[in-house]
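> here you go, sequence then predicted model.
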Amino acid sequence: MQRTGQLALFDNTPSPDEIFNQKVLEIKRYVLQWLPAQADVENIHYELFRQNPNWFGTFRQKHLTRVLNELKTEGWITLQGAASKSETKVARLK
């Protein structure tokens, strides 16, 4: 097939922001299903990998920080400290 240099009408490649947001959404769904009444951020991070070993290396702390901040904003949890700190306590409200 010969390339013409013409721009494609549709670009199906997801942007880095779309990929990030999709990972956040997946993690958020799982955290909402799994989260006990209280845990710390380090324990949540550990459980995500323990329960989903295929996720290892596919997300970082910044994804979990975003998840926890969104859940707090939506009224699902409270945080006793910053979402980015491993020792921060997370309490489920709903």
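Everything's here; your move. Numbers count the residues shown, from 1 in each chain.
> okay, now the unreliable bits of this structure?
By pLDDT under 70, the low-scoring segments of the chain are 1-8.
> what's the lengthiest helix in the chain in contact with?
Ranked by residue count, the top helix of the chain under DSSP state H comes out as helix 16-34. Contact with helix 16-34 is made by 14, 44, 47-48, 51-52, 58-59, 63-64, 66-68, 70-71, 76, as judged by C-beta atoms under 8 Å, 6 or more residues apart in numbering. No exception for glycine: its C-beta is placed from N, CA and C like everyone else's.
> narrow those residues to those in helices?
Using DSSP H, the contacts of helix 16-34 in helices are Ile44, Glu47, Leu48, Gln51, His63, Leu64, Arg66, Val67, Leu68, Glu70, Leu71.
> looking at these, which is nearest Ala82?
Nearest to Ala82 out of the ones in helices among the contacts of helix 16-34 is Leu68 (C-beta to C-beta; 9.3 Å).
> drop anything exposed from the ones in helices among the contacts of helix 16-34.
Ile44, Glu47, Leu48, His63, Leu64, Arg66, Val67, Leu68, Glu70, Leu71 (16 or more other C-beta atoms under 10 Å).
> which of the contacts of helix 16-34 lies closest to Ala83?
Using C-beta to C-beta, the contacts of helix 16-34 come closest to Ala83 at Leu68, 3.9 Å.
> do you know how far the residue lying closest to Leu64 once chain neighbours are set aside is from Asn52?
Among residues not flanking Leu64 along the chain, His45 sits closest, at 5.8 Å (C-beta to C-beta, 6 or more residues apart in numbering). From His45 across to Asn52, the span is 11 Å (C-beta to C-beta, to the nearest Å).
> neighbour count winner among the two?
When neighbours are counted by other C-beta atoms under 10 Å, His45 and Asn52 differ, and His45 comes out ahead with 18 against 15.
> let's check: the centremost residue of this structure is which one?
Val24 (3.0 Å; C-alpha atoms, centre = their mean).
> nearest residue to it in space, please, no chain neighbours.
Arg66 (5.0 Å).
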